[in-house]
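Trainee: Give the three-dimensional model of this entry:
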Amino acid sequence: DWKRTMTPQERFTMSFSRPAPHFKPSIVILPTILHDQDGSKSQEVLKPFREGSANPSFYNIRQVPDMLAVSHSADVALSTAPRSLVIRGTLFSDFFHELLLTVWEKWVEFTEGNEDVRASTVLWDLTHPGSITGVSSADTALPVRSPHYWMAVQGRSTTAISIKAAQEFTTSVVSFVRSKNTELSGKDLGWFLNLTQGDESAEDVFGTNLPRLSKLKARYDPKKVWSKGLVIDP
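Mentor: Modelled structure (predicted):
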């Protein structure tokens, strides 16, 4: 219901995580409501998350002066997070129940079976997609201009021996999300450039725009000075 009535001034990030000290599998929803001077708008907009079947175990609303303050909201959590982190992400068309539930089950199984990686999380971002459709594929680098959202898997490990497991988990989950979303929506959205690791196919990121971008690469960077991450060949 909230997704159907949201505006560009409202967004939330939903995460699968195991907060200390009990490390129980939890769903954490972090909403952001812009331009709310007295908090009344937030109280109304977030009503679906505190009433009915949601029944949150913890609920709190805070006003902050600017986005700088928002950017520091996770400082405490990050200060105690494992130093080893690998992030991958992809795009998805909608919050399909089957998609979310299967990823939840995969994440619970992975973090339950290995204490070294239980700080690993899955993030689902819900930002109003309206502005995406306002620019055609031919006018930008990224080809996907239909409404969509993005998700990310943060594979964290407290030991060197579990780093490989965290890497394999992130790769496995985002590959599943891409495949399952294609099955459920009928659209293959490829990979999300911002959350690639560099071993993805450029065709899967830029689609039909790749030939045009390759020409620009040949013109402005023929020697591939920019060669980190996912690279376009001239």
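Trainee: ok now the longest helix along the chain, how far from the chain's centre?
Mentor: Ordering each helix of the chain by length in residues (DSSP state H) puts helix 163-185 first. Put simply, helix 163-185 sits 12 Å off its chain's centre (C-alpha atoms, centre = their mean, to the nearest Å).
Trainee: Now that helix: buried residues?
Mentor: 163, 165-167, 169-171, 173-174, 177-178, 180-181, 185 (16 or more other C-beta atoms under 10 Å). Quick note: C-beta positions are derived from backbone N, CA and C, even for glycine.
Trainee: next structured bit after it?
Mentor: Of the helices and strands lying after helix 163-185 in sequence (DSSP states H and E), the nearest is helix 202-206.
Trainee: before we move on, back to that, report all helices and strands that the longest helix of the chain contacts.
Mentor: In terms of contact count using 3 or more C-beta pairs under 8 Å, 6 or more residues apart in numbering; DSSP states H and E, helix 163-185 is assigned the packing partners strand 84-92, helix 97-113, strand 149-157.
Trainee: check contacts around the most centrally placed residue in the chain.
Mentor: The C-alpha lying nearest the average C-alpha coordinate of the chain belongs to Met151 (C-alpha atoms, centre = their mean; 2.6 Å). For Met151, the contacting residues are 89-92, 122-125, 174, 177, by C-beta atoms under 8 Å, 6 or more residues apart in numbering.
Trainee: helices and strands of this structure: which one has the lowest mean pLDDT?
Mentor: Every helix and strand in the chain was compared by mean pLDDT, DSSP states H and E; the lowest is helix 75-79, with a mean of 69.
Trainee: any low-confidence regions in this structure?
Mentor: 1, 52, 54, 73, 75-78, 80 (pLDDT under 70).
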